[in-house]
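In: Need coordinates for the below:
(chains A, B, C and D)
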2 protein chains.
Amino acid sequence: MDPVDATGATQRQRLVDLLWQPPSPPRRGPRPTLTLAVIAQAGIAVADADGLGAVTMQRVAESLDVTKMALYRYVPGKTELVALMIEAGIGEPPTLPADAPWRDQLDAWARQMYDRFRRHPWAVAATVGVRVLGPHELGWMERAIAALDGTRLHGGEKLDVAVLLVGHVRNLAQQVAGIPTETPEQAMAPGLSELLRGREQRFPALLEAVASAAVQDGRDQALDFGLARILDGVQLLVTERARP
Amino acid sequence: MDPVDATGATQRQRLVDLLWQPPSPPRRGPRPTLTLAVIAQAGIAVADADGLGAVTMQRVAESLDVTKMALYRYVPGKTELVALMIEAGIGEPPTLPADAPWRDQLDAWARQMYDRFRRHPWAVAATVGVRVLGPHELGWMERAIAALDGTRLHGGEKLDVAVLLVGHVRNLAQQVAGIPTETPEQAMAPGLSELLRGREQRFPALLEAVASAAVQDGRDQALDFGLARILDGVQLLVTERARP
DNA sequence: CCAAAACTGTGTCCTTCGGATACAGATTAC
DNA sequence: GTAATCTGTATCCGAAGGACACAGTTTTGG
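Out: Below is the predicted model:
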């Protein structure tokens, strides 16, 4: 199943080690010219500028004035490089007032995560699919779950709330990616209204919604809306659980 | 900005045409051995079997007993092939009872979309980022918006509800992809509990949640949970709007 | 009926990418 | 000092997307 290398470690285990136990500097041989952090930052710079597709070993190496193969001394492969970029890009989990109501905590949490994703739009595409989580990413999850500590939700429910919020934030960040100036609703997809033109009778409800939404103002209104709905729904459950 | 080909059409416009106006059969020359639908199905078969990464021109062409370059007679490039795969994979929007309450309609809508994504897990990864929407995909949106026709929500709000639901469904489908047997909570990420082992003091809330969630049963419980919360939240808004 | 036009599928070539391997130089431990 | 260890490099490879020219096939117009 999982490919095994010469040392007997699986690819997965090597990635886990890379993310969770940054390798100690070597005791012999020439001093390394690079570090994992520097490499990750270089990759992030490329991705921020020209998208995830532009992140190639060649390009990252060039920006660091080394050869492509030099990177492989630090990183097993491109998958691992992207994983490091995600960890660095998402960054440390936010510090939230632990004594604030859970709803305020989660609201702030979601907005800060949205901020990170907006700063690094490629991170949305990079974090699809099952993968190994790093300390930062797990720290974010921990912080969200911890916000629900006071409630009487089950463990599974707490996890589900976090998953729900992450999904919303990721989804919105993705929609806005690449269209920094317009509002999300207006530019949900390139030329939505353009597509609808000439097909009015086929998508009447959509047409009317888009037309009346175009008048709407609102930076990040879709984020606010979804967040309010989700937290309203969660609040309903929490209060229901609160009374015996 | 947008590359222009010899005929003066932009790449984007060519894709729009491909999705919305299936090209008519040629009037002269040899009969084509393939059709767009057949090619898309071949691509879907490959993706279903071995993932989106296994979808190469070569591989798809082989499965159709043609050369790689033959495909380019039908499809401008791989991007367009994937777009066709998405359209065919998502399929026609569901038929829902138009007289049912909006909540039941949206619930069924979301579950059917979840079903499609579960059948084609690669579709989640393929539909990240801004892209041109096809008739099917737009039809799904239309159907969701139409479900809210009776309510007094604004156009923008209706769109936001749809986006919210799509986000949840996509997110869940992605989590479950590749782990068909276990429950989503248990296998949110490969070896979440394995990662937590030895780091109990660093992620206490997460640890407790995972531990108590492991006992939970529940196929698709995360889907149900999120759906219920979201629709609860929407319902709150709808009823609020209903009374003057 | 026949030639020109239009179209299909193929073979060949190019570039880019991720990655394996072998090697030369630098640094440290014994 | 010498052996072990580690770094960065140069070279090579297979697979990928795609450009292009060509040969064969079918229809249209005279």
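
In: Show me how far the lowest-mean-pLDDT helix or strand in chain A is from its chain's centre.
Out: Ranked by mean pLDDT, DSSP states H and E, the weakest helix or strand in chain A is helix A:192-196, scoring a mean of 84. How far helix A:192-196 lies from its chain's middle: 29 Å, per CA atoms, centre = their mean, to the nearest Å.

In: That one vs chain B: in contact?
Out: Yes. Shown here: helix A:192-196 in contact with chain B (CB under 8 Å from any CB of the partner chain) through A:192, A:195. C-beta coordinates here come from the backbone N, C-alpha and C atoms, glycine included.

In: do stretch A:60-77 as well
Out: No. Stretch A:60-77 lies out of reach of chain B by CB under 8 Å from any CB, never closer than 13.9 Å.

In: Summarise which helices and strands the least confident helix or strand of chain A is packed against.
Out: With contacts taken as 3 or more CB pairs under 8 Å, 6 or more residues apart in numbering or on different chains; DSSP states H and E, helix A:192-196 sits against helix A:204-215.

In: How about residues contacting the helix it packs on?
Out: By CB atoms under 8 Å, 6 or more residues apart in numbering or on different chains, the surrounding residues in contact with helix A:204-215 are A:185-186, A:192-193, A:196, A:200, B:138, B:141-142, B:145-146, B:148-149, B:154-156, B:158-159.

In: and if you look at stretch A:42-62?
Out: A:39, A:63-64, A:67-68, A:70-72, A:78, A:81-82, A:84-85, A:88-89, A:119-122, A:125-126.

In: buried set for it?
Out: Within stretch A:42-62, the residues that count as buried by 16 or more other CB atoms under 10 Å in any protein chain shown are A:42-44, A:46-48, A:52, A:55, A:57, A:59-61.

In: ranges for the helices of chain A?
Out: In chain A, the helices defined using DSSP state H lie at A:11-20, A:36-50, A:57-63, A:68-71, A:78-90, A:102-119, A:122-126, A:135-147, A:155-176, A:192-196, A:204-215, A:221-242.

In: closest to B:D99 out of those?
Out: helix A:204-215 (15.3 Å; CB to CB).

In: Now do that closest one against helix A:221-242, angle only.
Out: 110 degrees (axes from the mean of the first three to the mean of the last three CA atoms, to 10 degrees).

In: what residues does chain A put near DNA strand D?
Out: A:26-34, A:66-67, A:69-70, A:72-74 (CB under 7 Å from any atom of the strand).

In: From those residues, which one has the minimum pLDDT?
Out: Here the lowest pLDDT out of those sits on A:P26, with 75.

In: ok so, going back, out of the helices of chain A, which comes closest to B:W20?
Out: The nearest among these, by CB to CB, is helix A:192-196 at 7.7 Å.

In: and the residues of chain A next to DNA strand D, which are buried?
Out: For the residues of chain A next to DNA strand D, buried by 16+ other CB under 10 Å: A:34, A:66, A:70, A:74.

In: Understood, closing this out.
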